Each structure stands twice: as structure tokens, then as C-alpha cells.
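In: here is my input; please provide its structure:
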Amino acid sequence: MNKMSGQMEAVVLLTLKVLLTVVLGGFIRLFVHLFNVLMSKPQRLRLKLRRQGIKGSLPLLFVGNIPQMKRIQLQLQSTTSPHLSHDWPYTVFSFIGGEQNANHCDDAEDS
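Out: Residues are numbered from 1 along each chain as shown. The predicted model follows:
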């Protein structure tokens with residue numbers, strides 16, 4: 001009987017070790033995946049854009065560039081007039097150039 005309980009104890013201990021290893025491996029994999037998705041991939045994309053000459057501000061951790069994009073859109077809405085405008089790319093893609101696009105719209109209105 002004692003020999004049987006010793007074997008059962010060894011099996012349970014081995015099962016716990018395997019389970020702990022699998023859970024720990026899962027947490028490490030989850031951490032690596034989250035790091036890649038939240039930090040590494042966006043950084044690589046920003047680097048590719050910078051190499052192409054597209055500059056922008058660094059996004060905040062949780063909200064990204066949403067506050068800045070809303071501010072730029074409000075500026076564009078307040079400065080645009082109701083007449084037909086041919087500088088639609090600056091309105092549609094206002095978040096790419098930021099202040100430069102807003103200034104370009106001001107200059108276009110003055111002309």
C-alpha cells in the first residue's frame with residue numbers, strides 16, 4: 001500500500017510540474033505577443049513611414065493620436081468656408097501633416 005501511494009504521489013507531482021510549465025510557457029508567450037502587438041509592430045511601422053518622409057507625433061499609450069486628430073479636424077472645420085475647395089486631400093488626410101495641413105488650408109483661403 002505504501003509503495004502504491006508513493007507512486008501516486010510521484011504521478012501527481014509530475015502532473016503539477018507539467019501543468020505549471022505549460023501555464024508559465026503560456027504567460028511568457030502572451031507577454032511576447034502583447035509586446036509585439038503593442039510596442040514592436042507600431043514602432044516598425046512608424047520607422048517605415050519616417051523613412052518615406054512622413055513625420056508625425058508619437059502616440060500616447062492608451063489613446064494614440066485621437067486628441068490631436070480631433071483638434072486638427074476642429075481647426076479645419078472652423079477655418080473652412082462653404083465654397084467648393086480643390087484641396088480635398090488636406091481635409092481628408094488632415095491627421096498626416098498635422099499643423100502643416102491646417103496652415104496650408106489657411107493659405108489656400110487667403111489666395
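
In: ok, then the element right after the helix or strand encompassing residue 8?
Out: Here residue 8 sits within helix 2-35, counting by DSSP states H and E. Beyond helix 2-35 on the C-terminal side, the first helix or strand identified by DSSP H and E is helix 41-51.

In: can you tell me what sits against that following helix?
Out: Residues outside helix 41-51 that contact it (CB atoms under 8 Å, 6 or more residues apart in numbering): 55-56, 58-59. Where you see a C-beta, it was placed from the backbone N, CA and C, and this is true even at glycine.

In: helices or strands up against the helix or strand following it?
Out: Counting by DSSP H and E, the next helix or strand C-terminal to helix 41-51 is helix 66-79. If you count contacts as 3 or more CB pairs under 8 Å, 6 or more residues apart in numbering; DSSP states H and E, helix 66-79 packs onto helix 94-97, helix 99-110.

In: least confident of the ones you listed, on average?
Out: For the helices and strands packed on helix 66-79, mean pLDDT drops lowest on helix 99-110, to a mean of 50.

In: quick check: mean pLDDT of the helix holding residue 8?
Out: On average, helix 2-35 scores 92.

In: would you indicate which residues of it are buried?
Out: When burial is assessed from 16 or more other CB atoms under 10 Å, helix 2-35 yields no buried residues.

In: compute the inter-axis angle for that helix and helix 41-51.
Out: With axes from the mean of the first three to the mean of the last three CA atoms, to 10 degrees as the basis, helix 2-35 and helix 41-51 are set at 20 degrees to each other.

In: tell me what helix 2-35 is packed against?
Out: By 3+ CB pairs under 8 Å, 6+ apart, helix 2-35 packs against no helix or strand.

In: about what we covered before: of the contacts of helix 41-51, which is the nearest to residue 17?
Out: Nearest to residue 17 among these, counting by CB to CB, is residue 59 at 42.4 Å.

In: excluding sequence neighbours, find me the nearest residue to that closest one.
Out: Spatial nearest neighbour of residue 59, chain neighbours left out: residue 65 (4.9 Å); criterion: CB to CB, 6 or more residues apart in numbering.
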